[in-house]
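Undergrad: Can you look at this prediction? I've put the sequence above it.
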Amino acid sequence: MRAIVCHTYGPYSNLKLEACPRPTLPARGVRIAIDYASVSFATTLVVAGKYQRKPPLPFVPGTEVVGIVTEIAAGVTACAVGDRVLAILDWGGFAEEVCVTEHTVYRLPALIDSTHALHAGISYGTAYGALVWRGKLNAGENLLVLGAAGGVGLAAVELGHALGARVIAAASHADKCALARAHGADDSINYSTEDLRERTKALTQGRGADVVFDPIGGDLFDTALRAIAMEGRMLTIGYASGRIPSIPANILLVKDLTVAGFNFGAYVGWSPVDERARFEPQMRAMYTKIFDWVIDGTLRPVVSDVLPLEHYVQAQDLVISRQAAGKVLLKVR
């Protein structure tokens, strides 16, 4: 089959399309002919060997795909041959086909578009898990979303709105702020031209944000931590800025703050198979709700760019340069 293959850890620009062996079907496995795969900032860390997990070399990157089931192992009940599915993987998505255990394979409703379903995977899954499971976001609370025009940030804006929060979207450009407002944000902050802390305070009548959703880290984390209300919650999702922040413990003490990490990978791939099975009912219930919200228009996934598989490097460039507003996809078939 054709695939983007990483032979040595290093810059993603070294990767190219090549022929490689088809994957082997594991126990309780599902083989999928891939239609689309998504590109993310985390992929650059994985291929550079700087991510929390290092796949064994050589490997095919890519962690979420939509495609058609072509083969199933004995005992599989999550899907059948011919089903259109969303699958979340450890790696292997930038290829013509992939094999994955059934625990993270989700049959798609007929009414959902394949590109929208792919957006619903890790972006909406991460935002939902962080806001609902870890952040305990309540209706009426002030939610500050950093990186609000990115794939996961825009998902957090929409989900926060759907959950009844007052959403403040923070982004690096006026056009990105406008996009976030069009997707449910009540207010926005352009942190390239405005003071994030002061504007957050002003928009919340001096109270501050009850919950902060942060996939950026770095200086924005430091500033947002000082813009949180008493007993507020900071959700740290990732570090697209390139710097992992440190937390002065006295700030947590003075305002009774909670800083909670959310690693979606623990629910869909990092944990052993028996742990994935334990999370499976919770995950399937979440995706049923997300798919329903996409179909009825409550959630409106944004696909920024769709490039052919052989243009992976250009697709990754769009993500790294922050030129993309929404999801960047690779079209395989």
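TA: All right, it came through fine.
Undergrad: how about the helix or strand harbouring residue 234: buried residues?
TA: Per DSSP states H and E, residue 234 falls inside strand 228-236. Buried residues in strand 228-236, counted by 16 or more other CB atoms under 10 Å: 228, 229, 232, 233, 234, 235, 236. Bear in mind the C-beta positions are built from the backbone N, C-alpha and C, glycine included.
Undergrad: Widest-spaced pair of those?
TA: 229 and 236 (17.3 Å; CB to CB).
Undergrad: Nearest residue to residue 165 in space, please, no chain neighbours.
TA: residue 143 (4.2 Å; CB to CB, 6 or more residues apart in numbering).
Undergrad: Surely that neighbour forms part of a strand?
TA: Yes - assessed by DSSP: H, G, I helix; E, B strand; the rest coil, residue 143 belongs to a strand.
Undergrad: Could you pull out the helices in this protein for me?
TA: All helices of the chain, identified by DSSP state H, fall at 41-48, 114-119, 125-128, 151-162, 174-182, 196-203, 218-225, 249-255, 265-268, 273-296, 312-320.
Undergrad: average model confidence for the last one?
TA: When you say that, I think you mean helix 312-320. In this model, helix 312-320 has an average pLDDT of 92.
Undergrad: Run through who's touching it.
TA: 4, 12-13, 15-17, 39-41, 43-44, 94, 304-305, 307, 324, 328-330 (CB atoms under 8 Å, 6 or more residues apart in numbering).
Undergrad: Would you write a PyMOL line that selects the buried entries of those residues?
TA: Buried residues within those, by 16+ other CB under 10 Å, are selected in PyMOL with:
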select buried, resi 4+12+15+17+39+40+41+43+44+94+304+305+307+324+328+329+330
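Undergrad: how about the residue nearest to residue 165, what does it touch?
TA: 131, 137, 156, 160, 165-168, 209-213.
Undergrad: Equivalent analysis for residue 122, please.
TA: Here residue 122 is in contact with 38, 40, 63, 64, 88, 152, 264 (criterion: CB under 8 Å, 6+ apart).
Undergrad: On the pLDDT front, check it for me.
TA: 90.
Undergrad: can you check residue 270 too?
TA: 62.
Undergrad: As TSV, the buried residues of strand 228-236 with pLDDT and distance to residue 254 would be great.
TA: Listed next are those as TSV, based on pLDDT from 0 to 100; distance: CB to CB, whole Å:
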residue	pLDDT	distance to residue 254
228	96	11
229	96	12
232	96	12
233	97	15
234	97	14
235	97	20
236	96	19
